[in-house]
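Asks: how does the following fold in three dimensions:
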Amino acid sequence: MIGRLLKRDLDSILEVINEAAQAYKGIIPDDRWKEPYMSAKELGDEIDCGVDFFGLQEEGRIIGLMGIQELKEITLIRHAYVLTQYQRRGVGRRLLQYLINLAKGSEILVGTWKAASWAIQFYEKHGFSLISSDEKDRLLRKYWNIPERQVETSAVLRFGRNKP
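Replies: All right, here's what the predicted structure looks like:
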């Protein structure tokens, strides 16, 4: 079952993010890697900035999650993670489809690490298109609050659609 995650779920959210993010270790630039990958303060900051998290639970345990952030004219998919042992079982697909259906903006963007080819392929498989480097830089600076080094090492994908 997919549902909105609440304050009581913060420890579980961090557990999923930090366990699943181990896939990036040694893949993304060393100067962008840290442990834990996301701290409780960073998670709180993301929530305070309007990121709503949704999770898929199995037997009462959150096994995957994604965030959604509604901005004026677009929707951002943020922080998509699935526990390693549950990957390649449709968890990410189900969460992504749920958030696409929930999105209010006619344009949906997702950012990921340029070196994370598996993540890029996942989004492309689900209807997203990689955008040009110049456009990526402009969008990351406009909609994300990330360091310049992360702009350099990231990719952005777009899922456009018309809503009635």
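Asks: end to end, how far does stretch 16-35 reach?
Replies: Across its full length, stretch 16-35 reaches 14 Å between end residues, using C-alpha to C-alpha, to the nearest Å.
Asks: in that stretch, which residues are buried?
Replies: Buried residues in stretch 16-35, counted by 16 or more other C-beta atoms under 10 Å: V16, I17, N18, E19, A20, A21, A23, Y24, I28, R32. C-betas here are computed from N, CA, C, even on glycine.
Asks: could you measure I100 against H126, distance?
Replies: From I100 over to H126 the distance is 8 Å, taken as C-beta to C-beta, to the nearest Å.
Asks: overlap of the contact sets of these two?
Replies: When contacts are counted by C-beta atoms under 8 Å, 6 or more residues apart in numbering, I100 and H126 have F159 as shared neighbours.
Asks: does F53 touch R4 like I think?
Replies: Yes: in terms of C-beta atoms under 8 Å, F53 counts as a neighbour of R4; the distance is 7.3 Å.
Asks: of these two, who's got more company?
Replies: Set side by side, F53 and R4 give different neighbour counts by other C-beta atoms under 10 Å, the larger being at F53 (23 against 11).
Asks: which elements pack onto the helix or strand harbouring that one?
Replies: F53 belongs to strand 52-58 when elements are defined using DSSP states H and E. The contact analysis (3 or more C-beta pairs under 8 Å, 6 or more residues apart in numbering; DSSP states H and E) places strand 52-58 against strand 2-4, helix 10-20, strand 61-70, helix 91-102.
Asks: dump these to a markdown table, plus mean pLDDT and distance to D134.
Replies: Rendered in a markdown table, the data for the helices and strands packed on strand 52-58 read as follows (pLDDT from 0 to 100; distance: least, C-beta to C-beta, whole Å):
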| stretch | mean pLDDT | distance to D134 |
| --- | --- | --- |
| strand 2-4 | 97 | 35 |
| helix 10-20 | 98 | 30 |
| strand 61-70 | 97 | 23 |
| helix 91-102 | 97 | 26 |
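Asks: run through this structure and note the low-pLDDT ranges.
Replies: Where the chain drops to pLDDT under 70, the residues are 161-164.
Asks: contacts for the strand holding F53?
Replies: Everything outside strand 52-58 that qualifies as a contact, by C-beta under 8 Å, 6+ apart, is 1-5, 9, 12-13, 16, 47, 62-69, 79, 86, 91, 94-95, 98-99, 102.
Asks: thanks a lot, see you next time.
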